[in-house]
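>>> structure, please.
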Amino acid sequence: MHVLLMCGVHLLAAVRRRQPRTWAAKRLQRWFRHRQQQRARKPVITEDQVLSWVEDGDFFKPDAGKSQETREKRAKESLKKGVARWRARKAREKAEGLSGPQQRAPPADSFLAKIVETSPNTIPAFLAQRAAAKPRDCEVYQLFTEFGNKLNQSEEEMRPYVHRLVTINWIEEKEDLVLVEDRHWDAWAIPEKLVVLAKIEGGKTGGAKKSFRRDCQCVFL
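As a prediction, this is how the structure comes out:
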């Protein structure tokens, strides 16, 4: 028996080498016949059997009026919770002696504090009021930190320029520097040495695919 099995294996291997298409076709036919036999052995489930497994209340479409009542009930419950939180906050503020609109403390950075003082109720003032004393850590911030080291300028001396670019005008990536035109650099009062270094680094990014419009909403300070 073992000898016959080995002979069959060698015969199949020979057919596979000499007639690969015939061998593949036989394999595919054998797989298909085996699949058909497996399907024939499986029991066929009828529709009556499926219906016997479920009950009338398992699947139903809710009534439109009842659905509206459910949504309205949920909305009222959500409003009640929101009003309760509002009343609790007002009671806490009254107990602490706070009433009316609260005044934010001036920014810790002197440059941002000057913007809030000289340009109240403006977008720059809003951004400056909510900004941290240290500019956001981004590519432009790191780049200007390197410029400061090259020019022997401290971080405090470089901070106003970084705030003008990053905090107020959202110039955060190196490729964004190419979008800044000469009129922006002049209006932002950026020193010429920093402008030259920034243009060099911005040019290394491959150039800008877009530019500011003449009527852009950049903040000029």
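>>> what about the helices in the protein?
2-18, 20-41, 47-53, 64-95, 110-118, 123-130, 139-150, 155-162, 182-187, 192-203 (DSSP state H).
>>> just the C-alphas of the fifth one, formatted as CSV.
C-alpha atoms of helix 110-118 as CSV (Å, rounded to 0.1, in the frame of the first residue of the first chain):
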residue,chain,number,x,y,z
SER,A,110,4.9,92.0,27.3
PHE,A,111,4.5,92.0,23.5
LEU,A,112,1.1,90.2,23.7
ALA,A,113,0.0,92.4,26.5
LYS,A,114,0.7,95.5,24.4
ILE,A,115,-1.5,94.1,21.6
VAL,A,116,-4.4,93.5,24.0
GLU,A,117,-4.0,97.0,25.4
THR,A,118,-3.6,98.9,22.2
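>>> any idea of the mean pLDDT for it?
Summarised as a single mean, pLDDT over helix 110-118 is 79.
>>> in it, what counts as buried?
Residues of helix 110-118 classed as buried by neighbour count (16 or more other CB atoms under 10 Å): 111, 112, 113, 115, 116. C-beta: built from backbone N, CA, C; applies to glycine.
>>> cool, and stretch 182-194?
184, 185, 188, 190, 194.
>>> gap between the second one and residue 155?
Yep, that's residue 185 we're talking about. Residue 185 is 21 Å from residue 155, where distance means CB to CB, to the nearest Å.
>>> cool, and residue 195?
Distance, residue 195 to residue 155, by CB to CB: 19 Å.
>>> right, I'll call it a day here.
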